[in-house]
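Chemist: Predicted coordinates and the sequence they were generated for:
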Amino acid sequence: MSLSILMYNNNLRPQYGRFRTGLLRGMLILCIMVATPAWAEDNDADPDAPAEPTALPLDEALVRQAFALAENWVARGRVPDRTLPIHTRDLGAVHVTLRLDGLTLGQSTATVPEPQQRSASIDLMQYTQRAVTGALSQCVDNVKKLNAQMPRRQLPAELPDLAPLLQLDLQCARPPVVLRFESPMELPSRFRVDEHGLMLRHDQRSAWLFPGNAVASNLNLQAQIDRLLGRLELPASEMQRIGQEEGPALHRFQTIHLVRVRANEEPVALTRGQILLSSAPLNTQQTHAFTARWAQHLIERQQPSGWFAGTYLPSSNSHEPALSDPASCGLACFALARYANSLKHEAPQRQAAQTAAMKGVTALTAGLLGQTGLSAAERPIRLHLAECSTALIALLETPGTAKLKSQRDRLAGAIVAMQKPNGIFRNANASDARNATIPTASLAAYAMARMYEQVRQPQFHDAARRAIDVLLQETPATKMPSAYPWLAMAEFELARVGKPSTALITFREGALAILKKQVDSERISDTGIGNDAMGGFIQQAGLLGEPTWLSARPLTMIAAALRVESFVSEEERTLWLVDAGRGMRYLAQLTMDKPTCYYVRDPGRAIGGVRTAMWDNRQPLAATAMALLAGTELDLSLQAMKN
């Protein structure tokens, strides 16, 4: 047995990140190479023959050793001609990406020849050397191009100055497995976006796309295949021939992905570009922490005008559109106001959330109703049901809006005017407007119930009741989840003020049906859905069959139902709380944190925001607002249970 201990100096460690430098801890890499003498295996063997090195399975521990060596090469800006080997087996390729403040400056893949991929011993460091060398060689040229494009911010143009600032992203792939299917439509069931990488082989050529890079570029399944076809210079029409006998062969592969997020911390292992959270339900303290994080994200997303920035795109560090739509703005204001009202008066974030809600409501109502003295019915502009409904519930929830009483009444009057005698809502204040969608009509019903709770005028109770009744009567069971949480919360609100109906029974049945669609360990093992989806709700059979941020909607209903009298029995309450905590766990997994931002140019914009899905890093304003509302409703129910 031979033992080699390698020590690395602190001044060779990377100092990446906005040109800041820091003293990094020394790294002790313990590499144990075990060589079994030939005579111990075979007495007839030549004792002078070189011993065959023992290869260990490719795992995170081995990749961490490779990462430590490679990181020092990157910091120096050069790769040694020879290095200590790390023998492993089942290695397909090594991919290195070098970034500076989220900007990719170089990337390279070193692939193991196919016949050797499953051999008994492969030197991991040989392929890591090649990948680092290739990535470093691209950095200087790319920096020169960036400096020409951004004259106000010049990056170091020489490798010795640039190298210590670079962030290493290392992905080691296991051998690819060919995917067999009759039609491309079958592909989603054989491939998990952002967890598996893809490799396309055609005419002795291959193209690889690693999951960490797919996450960073926010490439969906179609975009990944398009990119692979482009790298092989194949037309898009070849997509239809993938998997056929003489068509391109598509493979998937698993990776071990390491990146150092902070200079003074250990590298983290990422799955689908994130750290996998525990599968356990979030407890009360964790729920409070994430709820506060979502609230802070919304506060920071608010613009000086009071409106909120639109959907944030981490991959391009931009908002699209620049400002959110009015309905999402109203939802964010409502969520912040409700969150503020759930906090104790001395809570530090209470005032900030109230101020943001008030500022947003003022800007929103002014934008919708204008500054004229005309009533909503008299104004020539078209008002939309969703916008008026979110603005009204936000206004009703926000403290200190007495000066907006006339705007409140105009919004409520406009919503009533959009309802037909049979209870169905139009989606705008025009006689030729189409009927509102189920989610929008449900939202309007909740707005009417909230208005009745505040002013106790029968017209608003009647509007809410007619809307609830007609939606329950005409909505197919398969589409009923799209009415949640608003339709159920409208009924909850009426019940709270002494106007319950038998609809509560229907909503209880709906809640139980939704809970059966929550992702648990059994569903994961049966369907192949990722462990990161634990706690989410599968509401429809989408292309990838996984939950999305829309899970926040039924979770809000379930959380609110916990404090509705006689809705949940004492025997069931604990189970419902566990399921609600599981749902919060899924929303927490969707939330971007520092490790998830390894490719983001401005992490401050992304942290605390809720992504669309595990495979889609876009952050719609409504996603974070609904997550905040779900957490707040759960907290309100927990408070009610204590009292």
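Modeler: Happy to help now that I have it.
Chemist: Run through the helices of the stretch 451-600 of the chain in chain order.
Modeler: 458-474, 486-496, 503-515, 521-527, 552-561, 570-590 (DSSP state H, counting those that start in this stretch).
Chemist: Let me know which of those is tucked in deepest.
Modeler: The densest packing among the helices of the stretch 451-600 of the chain, expressed as mean neighbour count by mean count of other C-beta atoms under 10 Å, is seen in helix 552-561 with a mean of 26. Bear in mind the C-beta positions are built from the backbone N, C-alpha and C, glycine included.
Chemist: For Ala214, give me its contacts.
Modeler: Ala214 is in contact with 193-194, 197, 224, counting by C-beta atoms under 8 Å, 6 or more residues apart in numbering.
Chemist: If we use 10 Å, what do you get?
Modeler: Going by C-beta atoms under 10 Å, 6 or more residues apart in numbering, Ala214 touches 193-198, 220-221, 223-224, 227, 272-273, 615.
Chemist: Next: Met614.
Modeler: Met614 is in contact with 192-195, 215, 271-274, 529-530, 532-533, 536, 544, 546-548, 586, 589-590, counting by C-beta under 10 Å, 6+ apart.
Chemist: can I get the CA coordinates of stretch 308-319 in PDB?
Modeler: Taking C-alpha atoms only, stretch 308-319 is exported to PDB below (Å, rounded to 0.1, in the frame of the first residue of the first chain):
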ATOM      1  CA  PHE A 308     -43.200  44.900  -9.500                       C
ATOM      2  CA  ALA A 309     -40.600  43.700 -12.000                       C
ATOM      3  CA  GLY A 310     -41.900  41.000 -14.400                       C
ATOM      4  CA  THR A 311     -40.800  37.400 -14.800                       C
ATOM      5  CA  TYR A 312     -37.100  37.200 -13.900                       C
ATOM      6  CA  LEU A 313     -34.900  35.100 -16.200                       C
ATOM      7  CA  PRO A 314     -31.800  34.100 -14.300                       C
ATOM      8  CA  SER A 315     -30.000  32.700 -17.300                       C
ATOM      9  CA  SER A 316     -30.000  36.100 -19.100                       C
ATOM     10  CA  ASN A 317     -30.300  38.300 -15.900                       C
ATOM     11  CA  SER A 318     -33.300  40.100 -17.200                       C
ATOM     12  CA  HIS A 319     -37.000  40.700 -16.600                       C
END
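Chemist: Name the residues of that stretch that are buried.
Modeler: Neighbour-count burial for stretch 308-319, counted by 16 or more other C-beta atoms under 10 Å, picks out 308-315, 319.
Chemist: now swap in stretch 141-156 and tell me
Modeler: Using 16+ other C-beta under 10 Å as the burial criterion, the residues of stretch 141-156 that qualify are 142-143, 146, 155-156.
Chemist: Same question for stretch 292-310.
Modeler: Neighbour counts over stretch 292-310 (16+ other C-beta under 10 Å) mark 292-299, 301-302, 306-310 as buried.
Chemist: Likewise for stretch 348-359?
Modeler: Residues of stretch 348-359 classed as buried: 349-350, 353-354, 356-359 (neighbour count, 16+ other C-beta under 10 Å).
Chemist: Tell me which entries of the buried residues of stretch 292-310 lie within helices.
Modeler: 292-299, 301 (DSSP state H).
Chemist: Can you lay out those residues as JSON lines showing distance to Asp635 and pLDDT?
Modeler: Compiled in JSON lines, these are given as follows (distance: C-beta to C-beta, whole Å; pLDDT from 0 to 100):
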{"residue": "Ala292", "distance to Asp635": "10", "pLDDT": "97"}
{"residue": "Arg293", "distance to Asp635": "14", "pLDDT": "98"}
{"residue": "Trp294", "distance to Asp635": "12", "pLDDT": "98"}
{"residue": "Ala295", "distance to Asp635": "11", "pLDDT": "98"}
{"residue": "Gln296", "distance to Asp635": "16", "pLDDT": "98"}
{"residue": "His297", "distance to Asp635": "17", "pLDDT": "98"}
{"residue": "Leu298", "distance to Asp635": "16", "pLDDT": "98"}
{"residue": "Ile299", "distance to Asp635": "18", "pLDDT": "98"}
{"residue": "Arg301", "distance to Asp635": "21", "pLDDT": "98"}
